[in-house]
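K.L.:
pasting the sequence and the predicted coordinates here, then a few questions.
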Amino acid sequence: MSASPSSQKPHCAAVYGPVKSGRFGRSLGIDPIGIISTCSFKCIYCQLGNIQQQTTQQQIFVPTSQIISELQAIAQREIQLDVVTVSGSGEPTLALNLEEILAAIKEIFKQPKVVLTNSTLLGDKSVRNALLLADIVAVKLDAVSSNQLRQINQPLEKIDLPDIIQGITQFRQEYQGRMAIQTMILSSWTAETQAGYIHLLKVLQPDEIQINIPSRPRVLVSQLESRGNDIAESRAYACENFKLLTPEELSAMAQKIHTATKIPVRYPILGDR
Ligand code: SF4
């Protein structure tokens, strides 16, 4: 495990935006990963295109000092913000300095701190401890079976669904903030898959459920613009092979989940993605 920043990466801004988020309003983005996209998943809908480095190895990708100086520069501009969101070009819990980054955000901004995570490292106590500093944590859960996980998220081989669910369960027990479960639905789910999902939600007891469908044109444009290679194109086509839910089907599914769980369910309506 390396605790020093990679010397091979060119410098890039770690703080970006604010971007308008349908979920959170005007969000200042913090990217603790940097220019080489790095994640433990390779989701077939990923807007980063083909993840360049797939790993569960934590390291410091962007020095905390760089992030702090960028945050201070933004704070001086007194931009209107609703939240500060840590996500960026990969899985933010891979950043060993996540806790330092969240502490720095808290020092500089009064807005709620949001972290978006793919949940694969929640079994690690130090990761869960770092996330305790966030006001909102959105944890990804796209699958209710190992097969579905492999098909949609394409994790490293050692990652499996029971461990992910165990990690989310532990985090839920320890975390007092607002935990949302984020789920990307690529095609109509069978009744069995829906029942399995609802069962998991009842066990995990998130404060909110966010279900989503990929925006197909955006996936294609983003991948081709940002990466422009053949692998990215084939990944986009992999997404195209799914028969996406219509807004009406998504709405019906959201209603069914809410009725069964009594947990608020959010889903995109006209640009709310
Ligand atoms: S978890 Fe997020 S960053 Fe990682 S591959 Fe999936 S969509 Fe991309």
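P.N.:
Cool, the structure landed.
K.L.:
what about whatever residue of the stretch 51-200 of the chain ends up closest to the ligand, neighbour count?
P.N.:
Per Cβ to the nearest ligand atom, Asn118 is where the stretch 51-200 of the chain lies closest to the ligand, at 3.6 Å. Every residue, glycine included, has its C-beta placed from N, CA and C. As a burial measure, Asn118 scores 24 neighbours (other Cβ atoms under 10 Å).
K.L.:
could you find the closest non-adjacent residue to it?
P.N.:
Leaving out its chain neighbours, the residue that sits closest to Asn118 by Cβ to Cβ, 6 or more residues apart in numbering is Lys140, at 4.5 Å.
K.L.:
the residue of the stretch 51-200 of the chain closest to the ligand reaches Phe41, doesn't it?
P.N.:
Yes. Because the distance of 5.2 Å satisfies Cβ atoms under 8 Å, Asn118 is recorded as touching Phe41.
K.L.:
count of neighbours near Gln80?
P.N.:
Using other Cβ under 10 Å: Gln80 sits among 8 other residues.
K.L.:
how about it, what does it touch?
P.N.:
If a contact means Cβ atoms under 8 Å, 6 or more residues apart in numbering, then Gln80 has 18, 26 as its contacts.
K.L.:
give the helix, strand or coil label for it.
P.N.:
At Gln80 the chain is in coil, as set by DSSP: H, G, I helix; E, B strand; the rest coil.
K.L.:
and the strands in the stretch 1-150 of the chain?
P.N.:
15-21, 25-30, 38-39, 53-54, 83-86, 113-117, 136-140 (DSSP state E, counting those that start in this stretch).
K.L.:
can you say which of these is nearest to Lys158?
P.N.:
For the strands of the stretch 1-150 of the chain, distance to Lys158 was read as Cβ to Cβ. The smallest value, 11.4 Å, belongs to strand 53-54.
K.L.:
and the closest one, what does it pack against?
P.N.:
When contacts are defined as 3 or more Cβ pairs under 8 Å, 6 or more residues apart in numbering; DSSP states H and E, strand 53-54 packs onto strand 38-39.
K.L.:
can you give the contact residues for the strand it packs on?
P.N.:
46, 48, 51-55, 61, 89-91, 94, 118.
K.L.:
got it, and stretch 201-216?
P.N.:
23, 45, 138-139, 141, 165, 168-169, 172, 178-186, 239-240, 244-245, 250, 253-254, 257-258, 260-261, 263-268, 273.
K.L.:
filter those to the buried ones?
P.N.:
23, 45, 138-139, 141, 165, 168, 172, 179-186, 239, 244-245, 250, 253-254, 257, 261, 263, 265-268 (16 or more other Cβ atoms under 10 Å).
K.L.:
still on that earlier bit, check contacts around the residue of the stretch 51-200 of the chain closest to the ligand.
P.N.:
Asn118 neighbours (Cβ under 8 Å, 6+ apart): 39-41, 43, 91, 139-140, 153.
K.L.:
fine, thanks again, bye for now.
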